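A.B. asks: below: sequence and its predicted model.
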Amino acid sequence: MMPEGITRADIFFTLLRVSLFSVTALLTAKLLMKHLDPTNKRKTYAAKTATDLLDRLGIKIAKQLTEYELMIANHLVDPQSITVSWDSIGGLGHVIQEIQETVILPIRRRELFSNSQLTQPPKGVLLHGPPGCGKTMIAKATAKEAGTNFINLDLSILTDKWYGESQKLASAVFSLAVKLQPCIIFIDEIDSFLRSRNVQDHEATAMMKAQFMTLWDGLNTDPGTTVIVMGATNRPHDLDKAILRRMPAIFHIPLPTLVQRKDILNLVMSGEPLADNVELSGIAANTEGFSGSDLKELCRNASLYRVRDYVANTQFCDKLKDRGINSNAIKLSEDQEEFHDTLRPITMDDLTKSLKKMRDAKVNTSTLTLD
Ligand SMILES: Nc1ncnc2c1ncn2[C@@H]1O[C@H](COP(=O)(O)OP(=O)(O)OP(=O)(O)O)[C@@H](O)[C@H]1O
Ligand SMILES: [Mg+2]
C-alpha cells in the first residue's frame, strides 16, 4: 500500500536522484583523493616511463604490475645501453669465470642443475674490495651479459617521506623481481643502506631494514624462484651480519697484482697510438698500490701531454704566421715536423711523467704509502 499522493513515478525519481547524488559524490571523492595524494604526479610519470622501458625490453607484463612495481621497474637496465662487457675488464678473469659458473650458468641453464639443491644459484652475491678495482664494472658487465633481467636499485627511491610508502616500495622490489624472474637485483654501495643496525637508527629505517631481510628470506620459500640480490661495497665490515649471512657468494676484488696491472694497462692502451719505446711492463712494475681506476687515470693523463704539445705547436705556428714568418724556414724538432698537424703517439716519457704526478698526488692524499 502506497501512502496517498505519492505515485510510483515519485518513488522512481527520488531513487534516481539519490543514486545520481551518490555516484557524483563517489566520483568527486575519488578525484579529490587523487589530487590530494602527494605522490600521484610522480607515480603517473613513473608508470609511463616504466611502460615505455618494459616495451623496449620486450617484457609484456606492464599491465599486471602495481603502481609501486612500476616505480621500481624504472630501474630495470637495458643491456643494449651498457658499454661494459667482460672484455672491458682487465686482470679479473678468475673472478669473472667464477661468477659465470656459480651465478650465471645455473640461472641460464636451469635444466642442467635442476636435480641438485647444492648447485642452485646463491640468493645473494657480494662483491667487496678497495675503491676503483672494478666492482661496479663487474656488475655492469653482468647486466649486459647474464641474459637475465637486471634491476639497478637506487636506494634513494626507497626512502620516501610519506609514511608507509617506503615499505610498499621495498616490498615491490621483490614482488617485481619475482614477476620478472630470472632477475638480479643489484645494490651498489650496499653498506649505505644495510649497515649494522643500532639503537640510533631512525624507526622507519630500522623497520625497512628488517622488512628487506624478511622479503629476501621470502625468496627462499619457493626453490623455483630465481632472484639474486647482488651487492657491492668497499666497507664490508660495516655491513649488518644478518645481511652478510644472506650473501653466501662473496667475491673479493683486491688491488691488482703486477700481472693484473699489466693486463689492465694493456687493455686501457689497446687501440691507442703508442710510440715504439713504450714498455707497459715497466709501468706495471712501478705502480704497486694503484687501483684499476688509478691506472686508467695514469694513461688518460699521459695521453693529455700530447694534446698539450699539439696545442703549443699550433700556437707557435700561428704566432710565426702572425709575424709573417714562414714556418718552413724555421728549424723544427723531429717530432714537431712529423706531427705538426696531428697528435703524436703516447711516449714512455709521457707515461713516466704521469706516473710521477699520480704517485705524488696519491702520497699527498694518503692513498699510497711509500716503503
Ligand atoms: N680491472 C679493471 N679493468 C679495467 N678498468 C678498470 C678495472 N678496474 C677499474 N677500472 C677502471 O676504474 C673505473 C672505476 O671502476 P669501478 O667503478 O668498477 O670501481 P669500484 O670497485 O666499483 O669502486 P668503488 O668501490 O669506489 O665504487 C672503471 O670505470 C674503469 O675505468
Ligand atoms: Mg662502485
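C.D. replies: Nice, thanks for sending it over. Ligands and ions are numbered 1, 2, ... in the order given.

A.B. asks: now do the buried residues in the longest helix along the chain.
C.D. replies: When the chain is parsed with DSSP state H, its longest helix is helix 292-322. For helix 292-322, a neighbour-count test (16 or more other Cβ atoms under 10 Å) marks 292, 294-299, 301-303, 305-306, 309-310, 313, 317 as buried. For glycine as for every other residue, the C-beta is placed from the backbone atoms N, C-alpha and C.

A.B. asks: and it, what does it pack against?
C.D. replies: Helices and strands touching helix 292-322, as assessed by 3 or more Cβ pairs under 8 Å, 6 or more residues apart in numbering; DSSP states H and E, comprise helix 258-269, helix 348-364.

A.B. asks: what is the neighbour count of the residue in the stretch 51-200 of the chain positioned nearest to ligand 2?
C.D. replies: Minimum separation of the stretch 51-200 of the chain from ligand 2 (Cβ to the ion) falls at Thr136, amounting to 3.3 Å. Residues lying near Thr136 (other Cβ atoms under 10 Å) number 17.

A.B. asks: strands of the stretch 101-250 of the chain, start to end?
C.D. replies: Taking DSSP state E, counting those that start in this stretch as the criterion, the stretch 101-250 of the chain carries its strands at 124-128, 149-152, 183-187, 227-233, 249-252.

A.B. asks: tell me, what residue is most central in this protein?
C.D. replies: Asn152 (5.3 Å; Cα atoms, centre = their mean).

A.B. asks: how far away is Leu105 from Lys144?
C.D. replies: Distance of Leu105 to Lys144, computed by Cβ to Cβ, to the nearest Å: 16 Å.

A.B. asks: what is the burial count for Ser175?
C.D. replies: 16.

A.B. asks: okay, the residue in the stretch 201-350 of the chain positioned nearest to ligand 1 and Arg108: tell me how far apart.
C.D. replies: Residue nearest to ligand 1 within the stretch 201-350 of the chain (Cβ to the nearest ligand atom): Gly292, separated by 2.2 Å. Distance, Gly292 to Arg108, by Cβ to Cβ: 27 Å.

A.B. asks: try Leu343
C.D. replies: As judged by Cβ to Cβ, Leu343 and Arg108 stand 44 Å apart.

A.B. asks: what do you get for Met208?
C.D. replies: Per Cβ to Cβ, Met208 is found 32 Å from Arg108.

A.B. asks: please report how far Asn234 lies from Ser192.
C.D. replies: Counting by Cβ to Cβ, the gap from Asn234 to Ser192 is 11 Å.

A.B. asks: that should have said Gln181, apologies.
C.D. replies: Gln181 is 26 Å from Ser192, where distance means Cβ to Cβ.

A.B. asks: who has more neighbours out of these two?
C.D. replies: Neighbours per residue (other Cβ under 10 Å) separate Gln181 from Ser192, with Gln181 holding more: 18 against 13.

A.B. asks: how about that one, what does it touch?
C.D. replies: 149, 225-227 (Cβ atoms under 8 Å, 6 or more residues apart in numbering).

A.B. asks: sorry, back to before: what angle separates the longest helix of the chain from helix 348-364?
C.D. replies: Helix 292-322 and helix 348-364 are oriented at 130 degrees to each other (axes from the mean of the first three to the mean of the last three Cα atoms, to 10 degrees).

A.B. asks: do a quick rundown of the helices in the stretch 51-200 of the chain.
C.D. replies: Along the stretch 51-200 of the chain, the stretches classed as helices by DSSP state H, counting those that start in this stretch are 67-73, 93-99, 105-108, 110-113, 135-145, 165-180.
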